[in-house]
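Asker: My questions concern the predicted model and sequence given below.
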Number of protein chains: 4
Amino acid sequence: LQTAEYPSTLFKETSKFVKIKPVRDLKLSNAPDYISSPNSKLHALLWPGSLQNVLVTKKPWSCATKDAMITFINHLHTTYPEINVILQPDVAEEVYQDFLTTANNDPNRPHMLYSGTTDEITSKADLLVTLGGDGTILHGVSMFKSQVPPVLAFSLGTLGFLLPFDFKEHKEIFNKVLNSRAKCLHRTRLECHVIKKNDGESSVIHAMNDIFLHRGSSPHLTNLDIFVDGEFLTRTIADGVVFSSPTGSTAYSLSAGGSIVSPLIPSILLTPICPRSLSFRPLILPHSSHIKIRVCSKMNEKTGNNSVNISVDGVAQNDLEVGDEIHIVNEVGTIYIDGTQVPPSKKLADETLPNSTSKQRAGIYCIAKSENDWIKGINDLLGFNSGFRFTRRKQDN
Amino acid sequence: LQTAEYPSTLFKETSKFVKIKPVRDLKLSNAPDYISSPNSKLHALLWPGSLQNVLVTKKPWSCATKDAMITFINHLHTTYPEINVILQPDVAEEVYQDFLTTANNDPNRPHMLYSGTTDEITSKADLLVTLGGDGTILHGVSMFKSQVPPVLAFSLGTLGFLLPFDFKEHKEIFNKVLNSRAKCLHRTRLECHVIKKNDGESSVIHAMNDIFLHRGSSPHLTNLDIFVDGEFLTRTIADGVVFSSPTGSTAYSLSAGGSIVSPLIPSILLTPICPRSLSFRPLILPHSSHIKIRVCSKMNEKTGNNSVNISVDGVAQNDLEVGDEIHIVNEVGTIYIDGTQVPPSKKLADETLPNSTSKQRAGIYCIAKSENDWIKGINDLLGFNSGFRFTRRKQDN
Amino acid sequence: LQTAEYPSTLFKETSKFVKIKPVRDLKLSNAPDYISSPNSKLHALLWPGSLQNVLVTKKPWSCATKDAMITFINHLHTTYPEINVILQPDVAEEVYQDFLTTANNDPNRPHMLYSGTTDEITSKADLLVTLGGDGTILHGVSMFKSQVPPVLAFSLGTLGFLLPFDFKEHKEIFNKVLNSRAKCLHRTRLECHVIKKNDGESSVIHAMNDIFLHRGSSPHLTNLDIFVDGEFLTRTIADGVVFSSPTGSTAYSLSAGGSIVSPLIPSILLTPICPRSLSFRPLILPHSSHIKIRVCSKMNEKTGNNSVNISVDGVAQNDLEVGDEIHIVNEVGTIYIDGTQVPPSKKLADETLPNSTSKQRAGIYCIAKSENDWIKGINDLLGFNSGFRFTRRKQDN
Amino acid sequence: LQTAEYPSTLFKETSKFVKIKPVRDLKLSNAPDYISSPNSKLHALLWPGSLQNVLVTKKPWSCATKDAMITFINHLHTTYPEINVILQPDVAEEVYQDFLTTANNDPNRPHMLYSGTTDEITSKADLLVTLGGDGTILHGVSMFKSQVPPVLAFSLGTLGFLLPFDFKEHKEIFNKVLNSRAKCLHRTRLECHVIKKNDGESSVIHAMNDIFLHRGSSPHLTNLDIFVDGEFLTRTIADGVVFSSPTGSTAYSLSAGGSIVSPLIPSILLTPICPRSLSFRPLILPHSSHIKIRVCSKMNEKTGNNSVNISVDGVAQNDLEVGDEIHIVNEVGTIYIDGTQVPPSKKLADETLPNSTSKQRAGIYCIAKSENDWIKGINDLLGFNSGFRFTRRKQDN
Ligand SMILES: NC(=O)C1=CN([C@@H]2O[C@H](COP(=O)(O)OP(=O)(O)OC[C@H]3O[C@@H](n4cnc5c(N)ncnc54)[C@H](O)[C@@H]3O)[C@@H](O)[C@H]2O)C=CC1
Ligand SMILES: NC(=O)C1=CN([C@@H]2O[C@H](COP(=O)(O)OP(=O)(O)OC[C@H]3O[C@@H](n4cnc5c(N)ncnc54)[C@H](O)[C@@H]3O)[C@@H](O)[C@H]2O)C=CC1
Ligand SMILES: NC(=O)C1=CN([C@@H]2O[C@H](COP(=O)(O)OP(=O)(O)OC[C@H]3O[C@@H](n4cnc5c(N)ncnc54)[C@H](O)[C@@H]3O)[C@@H](O)[C@H]2O)C=CC1
Ligand SMILES: NC(=O)C1=CN([C@@H]2O[C@H](COP(=O)(O)OP(=O)(O)OC[C@H]3O[C@@H](n4cnc5c(N)ncnc54)[C@H](O)[C@@H]3O)[C@@H](O)[C@H]2O)C=CC1
C-alpha cells in the first residue's frame, strides 16, 4: 500500500526557485515532552530541543488543499527559515510545479522541500501537520509504524470531527506549537494482529479509529467467534463487527448504534453491525483486554465464498478466510491473564514490552484548541440531542 | 433513612445460648491490602493483621435469607471461634429469636452477636458479607459513609448480577478470604452532591450503581440543563436521565438503551430516559468529569408541579425543585479544570483530596470468583447476543 | 375531569356589545361527507348541508392564544355572520371580558357566543378549531365521546407536530373549509377499556396519541402481562409500556425508541419503556388486535405499593392495582378471534358494531395542508436524519 | 439467474420404476378461493375445482431435504394417485436417481415426475410445497412472475421463521389442504423496478422479504436520495438502506434496528443500515407509497468506484451506478398522487391496474398453523423480550 519508493527523477529537477532535497540529510526527529497538570485533561507540549522538521500532508486530488499547502509552506519559509518542510514524494512534485510559477519568488531564497521514502520521512518528522478531512489525519498517522509525532490538524472547507483548527488560524497556532505553548489531547490506538491460517507470517497494523470485519459484497452473514482474555465471549452472526478506539466511537461504531465515548477513556469498543440477534448490545471493554476473533464458516454456504472483508481506519486489507485469526489490543498496555500473548515476533521490534502499562509514548498526541473540543464537536458537528423544533430549547430557564 | 439507633432492649435480653453485645467493644476495623499483579485484572486480598469482625447483612422479609444467615453464623462460630459476627439491630433480634430455639445449642459456647448504631458497626467491620439479591449489596454498601470493607456477596434462590458466589460455596470461599487467598474486583462509585436552592446545606450520597432524575408521576417532561467541567453540554427534555457507574451499566442504564461497560473502566455513563430527541445517544464520560445538573421549569407548566424525582441506587431521595443543582463526580478522582470544585465543605471530612488521582482506597473491592465473572454474567444472566433458535450457534466451526 | 357544568352566571351578564347564549338553542351538528379519490391519500371534505356551528378551543393560560381567538372570532362574525361560534364556558367568559373593552365594537351587531355543558357543545359542533399546541388538539378531541367533527388546527408561537396551519393562514383556510375545498387526513384512535378488579363498572376512553402504563414515582419496576387476541404475548418487566396509535408514534413511543409510523397505517404500536430485557424490540400490531394487559404484583414488594400509573393522551387517570385489566383496541374495527370481546356494555351505545371493519366515521378527520404534511413534519420539526455538519448534504448530486 | 432451460436429456432416460414427463402436458393451474370470515385474521383456502398439480421445491445440496422429498413424493403417489408432482429439472434428475434404487418400487405403478422450463412449471402449479429453510420459500416464490399459488412450507432440521409446519406433520396438513380445510395468512410483496440510467430497459422483481442497497465491499458510504410520492424525503449517507415488507421485518430490517411488524399490516419499512446520522429512526410507510431511490456519487470519491450493491430477498442483482433509479411499491396497490407512476411498460402485462386497491390475488397466501403463528414465532424463535435469568418470569402472578 505504501509506495515507499520515490521516482528516480525526484531530486534531479532543479530550478533556482525551488529544490527537492533528500530527507535523509536532516537530523533525526526530536521528540517533545508532554506534561500533565492537575487542573487539565490535556498535556502541555514542550520542546526540550527545538522543533525543526515539519511533515505536511494533504488530502489528495483536492485544489483547496493544494492552495492551503502552498500558503502554509510559504508562511513557514518566510517566517521560520530554520524550519525544514518535509513532503511525501508525490506531494513534493505537485508542490514543486506550483512554486516554479508562483509570482513573488526569490532566487536568493529558493524553496527547499525535503522528501524520501516513508521510513526516511517518518524517522525525521518532529511534527505532523494535516490539511484536509478526518481521513487525512487517519492516513498521515498510518505512515508511522511506531511512535507518532504530535499532530496539528486543520480543516479545510468541510469540517471534520478530529480537526480542531480552521486553516485561517494556521499562523497563530503554529507559533504557539513552536513556542511550547500548545496543549495536546492524548488519543490511544488499537493494534490489530492478523494471523492467516496458512501463513507463518503475521502482520501488525495500528488503528486510530477502528478495525472492522464485514460480509462485504457477499449477501451471506459472517460468523465470527470472539474471545476476550482467552475466554469465549460470543459468536457473532451479523453483517460484521467493529472494534473501535474511543476516538473511533464517533465513526463507524456510532453509525452501527454504539455509544459516544470520550477519547480520554482508554477502552476498546465492540459494536456489532446488523447482528441476527435481538440482544447484542454494544460492549465497552477495558483497554487492557486481549481480543481474539476467529473467522468461522458461513451458514448455508457449502460451496461458496467464505471470505470476510477487513478494514483498518477505512482502508481495506486482504480478505480473511475461515480459520484466520485477528488479535486486537489497545497499544497503551494489555494484561495477558493466562501468560499467553500475541507472540513477541508479532510485535514490532521497536515497541515497548506489552505488559508494561506505562508505555510513555504510545498513542497520539493531538494538538487541541480547548479542554472541551469534544463537547463542542458532538454538539456542533454531530447535532447531539437536537431538540424538536417545537420544543423550547434555551440554556436558561 | 438510616435508623441509626437501636431499641433500648437490644442488649438486655440474655439467654445462655445466645447473647447480643455492643459492637463498640470490638477493635477498630482492620483494612486489608489489595495487591495488583501484571497478569491479573483483579487484586489479591491480603490481611496484614487478621480478619476479625464480619458484618453480615441480608435481604429483609425473606425466609430463605434468614435460614442461610443462621447456617452461615453457625459455621463461623463453630469453625472460627475467634471471628466476631456483627449484625444490624433488627437482624440481630431476628436471629436472636432463632438461636433460642435451635436444636444443637451449647450453653458453654453461647452464640455471640455484636450490634449497635450504623456508625459503630461500620467503624468495626473488616468484611461485609451479603445474603440476598443485588439490592442487598447496594443497601449493605450504602451503610458506609467513606471507606467500604471488601464485600463477599452470595446469591440465594434468585441470581444477581453482582453476586459471584452461590451460597453453597460459603465454607470454601470464606476460608479463602480468611487466608488471604481471594481476589477482588475493584468497582468505583459515583458521588452525588445535592444542592438545594433554598438551603445552605448540601448533602453527599455515594452510588454503586446509579443516580437517576425522573418526572415520576407527573405526566410532564423534565427539563434539565447538564454541564460538564463547567461547559454547557445539553438540555435534556425527557422522562429523565441516569448517571451510572460502569457497575450500574447493566442496571437502569441498560434498560434505557445504554451500552454494557466493563466495571474495570473508570467512567461516568450519561444515559437519557425517553428523551424528546432523535439524536440523544448515550455518552460515556471520563471518570475525571465534574458534572452539574440544574433543574429547569417544565414546559407548559405555569401553575403546576415542577418537582423532579431523584433516586440513588434505587432509593428515592427528596424531590428536587426548579433551581436545585446536582453535582456528580466519580470518587476515584476528579479533575476540576477551572479550579472551582464541589465546595470542600461539601466533601466528607475523612475523604482524600479531590484532585489526587490515586485515592488508594476509594471504590469497593468485591471478592470475585474468576477473572471473567463479567463475561459469564452478561452471557448467562443477561442473555447477551442470544442467537435466534433457527440459526446454528456452536462455538466450534 | 370534565367540569361539564357552567357557572350559573354564565348567561346572565349582558352587554350591548357581546352576549353569551345557550348552545342548546342551536341546531344539531351537521356531519360532512369525506370523499376519497384514486389519486389522493386524503379525503375531500364536503358539506352536504352547510357548515354552521364552529367550536373554537384554545390552550389555557396563554395570552397569545387569547389574542388569536379574538382575531378569529372577529373574522367569523364580520365575514360569515351566519356562522355560530361555540366556546367552552370558561373560554366564553374570558373572551366576553375582552369584547367588552375592544375598540371597534358595534352595538347593532353584538358578538354572539354560544356555550353550555360539554355534552351540549359536542352535540352541536360541526367543526372543531384549535388554537395552541399539540395538547390543544388532544384536549379538544377528548371532549367528544363518540364521533368527532373535522378538526382545523392552528399553531401559534410554538409549532406542533399535529398542526398543519400557521395562524396567519386562518382566513384563507377557513374559507376553503367552508366551501368544501379542503382535504382531510384520516387518523384512527385507540379505545382503552379499564376494568378494575373490585369494581363492576368499567370505563372507556379514546386516545388520539397513546395510552401508557408506568411505575411513576415508585422506584420499582412494573410487571405487566400482555395478551394479544387471547394469546399470551409477553410479561413486561419495565418502567412501563406505551400503546400508541400511528399518530402517537411521534409522541412518547418515539422517545421510548419506537419507529415512526405514517398516520395512514391503521395499527397499534407496542413500545416498552426501559424494559429489563435486551430483546424487547418495539412491535407494530394489526389494527384489528384485541390487546389485554393485566397488572401483576411487583418483584421484591411484599408490603408495599403495587399501583401503576396510567395516562391517556398525557392525562393521568386513576392508578391501577394488581389484578386490574386494560383492554385496548383500535376504533376502526377489531377481529375478536375467539368470539369473546370487550363486553358490549363496555362499548358506548352510539358506536357501531365491533366486527364491522367499515365504521364509516370512526377516527378523526384532520384538515391537511398537503398530501405530504407528514414528510415535512418529520424533516422540519423532528429533524429526521439530520446529517453531520461535516458531511455534504444536498439533494442534487 | 433462472436457468429456465433443462438439459436435453431430461425426458430421455426411462426406467420402469420412474419417469420424467413434460410438465406442459398437464392442465393449467387451478386457483383456489380465499374466504375471509369476521372472526379470523386468516383466509380459508377453498378449491372450487380440485387440487391437482403440486410443485415441490427443496433446499439445494442438502441430504436431509432430499430424503424428505422422497418421503413426501412417495406419500403423494401412494395416497393420492391423481395428484401430479412437479419438480424443477435439476431436482427431478436428483430424485430420479433415487427412485431407481429405492427398495419397494412397483413397475406397475412407476413414479411420474413432471418438469420443464420455469415458465411452464409456474403456469401449471396449483400449490407450492417447500422443504428447507426460509430461503427455500423465498426462492420457490421468486420463480413466479405474477400470481403465486398457495404455499405450504415445512421446516427440516433447522427451524425457520416463515415455516409453520414441521415435516413430521406433512401427511395430516396435506390432507387438510386438499380437502379445503386449511387456512392461509396473506403476505404482501414489494415490487422493485430498476431503471438503469444508460438503458432503455427496466426490470421488475418481486420481494417477499426485502430489497436492500449497500456499499458492499467498498469502504465508502453510499449516498442515496429517497423520494416518497414525488416528494424528497431524505438523503441517506450510510452503509445502505433496506426496504422491507412486513414479512421481512424480522429479516435484515430487524438486524438493522427496525421494529417487528405484523405481516397483517400492509406497509413498506424503510430501515437505514449504519447511517451517518444520529437521527435516522426507522420509518413505516403506507403500503400505497411510491418510493424512488436515486444513486448519488459518493463523497470523497473522485476517481473511484461508485457502484452500489442491490439484493432482492438475499439474491444479489447487478450493481447500480450513479444516476440509476429504483422504484419500490407494494403490490397490493399504490396511490400515485401526481398521476405519474412507474411507467406501464415497466409493469408486467398480466398484472392488474396500479391504482385499483383491490387486486384480488396480489400477495402470497401461506398456509398457517394457527391464528397466532407470529406471536409464537417471535417468542419461540426470536427470543423476544427474554427476561434476565435473575428476574422472575412466569405468566401468572
Ligand atoms: N457506515 C459507516 O458509518 C461507515 C463508516 N466508516 C468509517 O470511516 C472511517 C474512515 O474515514 P475516511 O477515510 O474519512 O472515510 P470516508 O471518506 O468514507 O468518510 C467517513 C466519514 O466519517 C468521518 N469520520 C472519520 N473518522 C471519524 C471520527 N473519528 N469521528 C467522527 N467522524 C469521523 C469522516 O469525516 C467522514 O465523514 C473508518 O475508520 C470508519 O470508522 C467506514 C465505513 C462505513
Ligand atoms: N427500568 C429499570 O430498569 C429500572 C431499574 N432500576 C435499577 O434498580 C436498581 C436498584 O436495584 P434494586 O434495589 O435491586 O431494585 P429492584 O428490586 O427494583 O430491582 C432492580 C433489578 O435490577 C437488578 N440489578 C440491580 N443492580 C444491577 C446491576 N448493577 N447490574 C445488573 N442488574 C442489576 C436487580 O437484580 C433487580 O432485578 C437501581 O440502581 C436502578 O439501576 C430502578 C428503576 C427502574
Ligand atoms: N418522555 C416522553 O416523551 C413523554 C411523552 N409524553 C407524550 O405527551 C403527550 C401529551 O402531549 P401534551 O399534552 O402536549 O403534553 P406535554 O405538554 O407534556 O408535551 C409533550 C410534547 O409532545 C409533543 N407531542 C404531543 N403529541 C405529539 C405527536 N403526536 N407527535 C409529535 N409530538 C407530539 C407536544 O408538542 C409536546 O412537545 C402524550 O400523549 C405522550 O405521548 C408524555 C410523557 C412523557
Ligand atoms: N445482517 C443481516 O441480518 C442480513 C440479513 N439478510 C437477510 O437474508 C434474507 C435472505 O435469506 P436467506 O436466503 O435464507 O439468506 P441466509 O442463508 O443468508 O440467511 C438469512 C437468515 O435470515 C433468516 N430469515 C430469512 N427470512 C426471514 C424472515 N422473513 N424472518 C425471519 N428470519 C428470516 C433465515 O432463516 C436465515 O437464518 C434477505 O431477505 C435478508 O433479509 C441478508 C443479508 C444480511
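Answerer: Structure's in. What do you need? Numbering: from 1, shown residues only, chains lettered A, B, ... in the order given. Ligands and ions are numbered 1, 2, ... in the order given.

Asker: element containing A:Asp225?
Answerer: According to DSSP states H and E, A:Asp225 maps onto strand A:222-228.

Asker: and the gap between A:Thr122 and A:Thr130?
Answerer: Here A:Thr122 is placed at a distance of 14 Å from A:Thr130 (CB to CB, to the nearest Å). Every residue, glycine included, has its C-beta placed from N, CA and C.

Asker: who's more crowded, these two?
Answerer: In terms of neighbours (other CB atoms under 10 Å in any protein chain shown), A:Thr130 is the more surrounded of A:Thr122 and A:Thr130; the figures are 28 against 21.

Asker: domain ranges for chain A?
Answerer: Structural domains annotated on chain A: A:18-187, A:190-354, as defined by automatic domain parsing.

Asker: do the longest one and chain D meet?
Answerer: Right, the one you point to is domain A:18-187. Yes. Residues of domain A:18-187 contacting chain D under CB under 8 Å from any CB of the partner chain: A:Trp61, A:Gly133, A:Gly135.

Asker: Just the buried subset of these, please.
Answerer: Under a neighbour-count criterion of 16 or more other CB atoms under 10 Å in any protein chain shown, the subset of these counted as buried comprises A:Gly133, A:Gly135.

Asker: Any idea which of the residues of domain A:18-187 next to chain D the model trusts least?
Answerer: Among the residues of domain A:18-187 next to chain D, A:Trp61 has the lowest pLDDT, at 77.

Asker: and the residue of the stretch 201-350 of chain A nearest ligand 2?
Answerer: Nearest to ligand 2, among the residues of the stretch 201-350 of chain A, is A:Arg281, at 12.5 Å (CB to the nearest ligand atom).

Asker: and that residue, that one's in a strand?
Answerer: No. Following the definition DSSP: H, G, I helix; E, B strand; the rest coil, A:Arg281 is coil and is not counted among the residues of a strand.

Asker: which ones are touching it?
Answerer: B:Leu254, B:Ser259, B:Ile260, B:Phe384, C:Leu278 (CB atoms under 8 Å, 6 or more residues apart in numbering or on different chains).

Asker: returning to that earlier point: so which residues make contact with the strand holding A:Asp225?
Answerer: Outside strand A:222-228, the residues touching it (CB under 8 Å, 6+ apart) are A:213-215, A:232-241, A:270, A:285, A:289-299, A:308, B:372, B:375, B:395, B:397.

Asker: So is the helix ranked longest in chain A next to chain C?
Answerer: Across chain A, the helix with the greatest residue count (assigned by DSSP state H) is helix A:63-79. No. Looking at helix A:63-79 against chain C by CB under 8 Å from any CB, there are no contacts, and the closest approach is 13.5 Å.

Asker: What's the first helix or strand after the helix or strand containing A:Leu128?
Answerer: Under DSSP H and E, the secondary-structure element containing A:Leu128 is strand A:127-132. Beyond strand A:127-132 in the direction of the C-terminus, DSSP H and E gives the next helix or strand as helix A:134-142.

Asker: what does the stretch 151-300 of chain A have sitting close to chain D?
Answerer: For the stretch 151-300 of chain A, the residues found near chain D under the criterion CB under 8 Å from any CB are A:216-217, A:219, A:238-239, A:252, A:254-257, A:273-276, A:278-279, A:300.

Asker: now the residue nearest the centre of chain A, nearest residue through space, not along the chain?
Answerer: Most central residue of chain A, judged by C-alpha distance to the mean C-alpha position with CA atoms, centre = their mean, is A:Leu138 at 3.4 Å. Across the structure, with CB to CB, 6 or more residues apart in numbering or on different chains as the measure, the residue nearest A:Leu138 apart from its sequence neighbours is A:Asp313 (4.4 Å).

Asker: Same question for A:His111.
Answerer: Spatial nearest neighbour of A:His111, excluding adjacent residues (CB to CB, 6+ apart): A:Val18 at 4.2 Å.

Asker: tally of neighbours for that neighbour?
Answerer: Residues within reach of A:Val18, counting by other CB under 10 Å, total 21.

Asker: One more: A:Asn74?
Answerer: Around A:Asn74 there are 14 residues (other CB under 10 Å).

Asker: Tell me where the longest strand sits in chain A.
Answerer: With residue count as the measure and DSSP state E as the assignment, chain A has strand A:231-244 as its longest strand.

Asker: anything in that one near ligand 1?
Answerer: No. On the criterion CB under 6 Å from any ligand atom, strand A:231-244 is out of touch with ligand 1, staying 7.1 Å away.

Asker: Show me what that strand is packed against.
Answerer: Helices and strands touching strand A:231-244, as assessed by 3 or more CB pairs under 8 Å, 6 or more residues apart in numbering or on different chains; DSSP states H and E, comprise strand A:190-195, strand A:210-214, strand A:222-228, helix A:252-255, strand A:267-275, strand A:291-296.

Asker: out of these, which comes closest to ligand 1?
Answerer: Judged by CB to the nearest ligand atom, the one of those that comes nearest to ligand 1 is helix A:252-255, at 3.2 Å.

Asker: Is that closest one in proximity to chain B?
Answerer: Yes. Using CB under 8 Å from any CB, a contact is recorded between helix A:252-255 and chain B, made by A:Leu254.

Asker: Can you list the strands that the following helix or strand past that helix pairs with?
Answerer: If you walk from helix A:252-255 toward the C-terminus, the next helix or strand you reach (DSSP H and E) is strand A:260-261. Neighbouring strands of strand A:260-261 in its sheet, by DSSP bridges, are strand B:283-286 (parallel).

Asker: Other residues contacting the strand it pairs with?
Answerer: Residues outside strand B:283-286 that contact it (CB under 8 Å, 6+ apart) are A:41, A:246, A:249, A:259-262, A:264-265, A:284, A:378, B:228, B:259, B:261, B:267-271, B:291.

Asker: Could I get the average pLDDT for it?
Answerer: Rounded mean pLDDT across strand B:283-286 is 98.

Asker: Alpha carbons of that strand, as CSV, please.
Answerer: C-alpha atoms of strand B:283-286 as CSV (Å, rounded to 0.1, in the frame of the first residue of the first chain):
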residue,chain,number,x,y,z
LEU,B,283,-22.5,9.2,26.4
ILE,B,284,-19.5,7.7,28.3
LEU,B,285,-17.7,10.5,30.1
PRO,B,286,-14.3,10.3,31.7
